[in-house]
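S.K.: pasting a predicted model and its sequence here:
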Amino acid sequence: MVGGGRITSEGVSDALAALYPGFVHRSIETAPGVRIHATLGGRGPALLLLHGHPQTRAIWHRIAPTLAEHFTVVAADLRGYGDSSKPEGGDDHAAYSKRTMAADMRALMRALGFERFDVLAHDRGARVAHRLALDAPDAVRRLALLDIAPTLDMYEGASDTFARAYWHWFFLIQPAPLPERLIEADPAAYVRDVMGRRSAGLAPFAPQALAEYQRALALPGTAHGLCEDYRASAGIDLLHDRADREAGRHLTMPVMVLWGAQGVVHRCFDPLALWRSVARDVRGEALPCGHYLPEEAPALLLERVLPFLADAAPR
């Protein structure tokens, strides 16, 4: 057992239940043999929240109650992460392509009764959200992406500075089972080291949230799932992204991009310019924090995203 690792009668850990008082928890089959776990709360138009690496839906706990005053919040664990299913990736890693992971999320939202919804997503979840918005533009009304530049641009523009800071991008894509074995040897340490070595250290993370990240990474198959996520991004996802660009496909919905002024994305890329090259309507800025915006700067994040998501455009 790691941290708050006991599972409650609701099927969620003590830590997750404590982080989301008053919310409900669901498990929905989105593909044969694949179940996505999500936490739901609030009422009104639907808002899908997607987390990053090496985290879970617990990342939203500081802003979800306020968001739930305006939206039906659906905070999901990506496949391979948290309590969601962790299938084998396959030789081409297609089971973790962002196209496949995005299809999970559309199926989840449809099962919950939402054909059209907004998306707020961080890190790996933002890459899934980008693909979801490209593949299903009729489903995504507005898109808010946190602390990423487009995947293709980040790989093609990788510098020595970027590679040293984002070393895990190149570690996790190594052939199985090497990275899986090393992560599984001490998953709690992996969470502490990866998250704690960024600009803010471990100070921004609530103890229960950190315990939840550690519990989830220790689950069988999670190390493989997150490695497959990155392997797909370095292979099949780039093929999909290049095909989109060659065909001239752009994001058509309004997009907001926010990133940390103390983070690697800010230091190594020009996020606003890169997103404007692949989307028609983009606004955004750097916030005075590091990578984990929902936990480092929740009030500032809400100040930016609530007016954007609450726009009076038809739903």
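M.R.: Perfect, thanks for sending it.
S.K.: can you report how many residues neighbour S27?
M.R.: The local packing count at S27 equals 14, with neighbours defined by other CB atoms under 10 Å. (Each C-beta comes from the backbone N, C-alpha and C, glycine too.)
S.K.: element containing it, please.
M.R.: S27 is located in strand 24-31, with elements delineated by DSSP states H and E.
S.K.: can you give me the first-to-last residue distance of stretch 165-173?
M.R.: From its first residue to its last, stretch 165-173 covers 16 Å (CA to CA, to the nearest Å).
S.K.: skipping its backbone neighbours, what lies nearest the residue nearest to the spatial centre of the chain in space?
M.R.: Central residue check for the chain by CA atoms, centre = their mean: the C-alpha nearest the mean position is that of G125, 2.1 Å away. Counting by CB to CB, 6 or more residues apart in numbering, G125 lies nearest to L50, which is 2.8 Å off, once chain neighbours are set aside.
S.K.: from A129, how far off is the one you found?
M.R.: Computed as CB to CB, to the nearest Å, the L50 to A129 distance reads 6 Å.
S.K.: what's the overlap in contacts for these two?
M.R.: Shared contacts of L50 and A129, defined by CB atoms under 8 Å, 6 or more residues apart in numbering, are found at M105, V119, A121.
S.K.: what's the helix or strand encompassing the last one in contact with?
M.R.: Counting by DSSP H and E, the secondary-structure element that holds A121 is strand 117-122. Outside of strand 117-122, the residues that reach it under the criterion CB under 8 Å, 6+ apart are 45-52, 59, 67, 71, 74, 109, 128-129, 132-133, 139-147, 292-294, 305, 309.
S.K.: same deal with stretch 227-240?
M.R.: 53, 78, 80-81, 89, 92-99, 101, 124, 127, 131, 151-152, 155, 168-169, 172-173, 176, 179-180, 183.
S.K.: for stretch 270-280, same thing?
M.R.: In this structure, residues lying in contact with stretch 270-280 by CB under 8 Å, 6+ apart are 145, 148-150, 153, 244-245, 250-252, 255, 257, 259, 265, 282, 284-285.
S.K.: let's go with 6 Å and repeat that
M.R.: By CB atoms under 6 Å, 6 or more residues apart in numbering, the list of residues contacting stretch 270-280 from outside reads A149, P150, D153, H250, L251, T252, V255, V257, W259, V265, V282, G284.
S.K.: what does stretch 171-190 give?
M.R.: Stretch 171-190 has contacts (CB under 6 Å, 6+ apart) with V2, Q214, L217, A218, A223, H224, C227, Y230, R231, A234.
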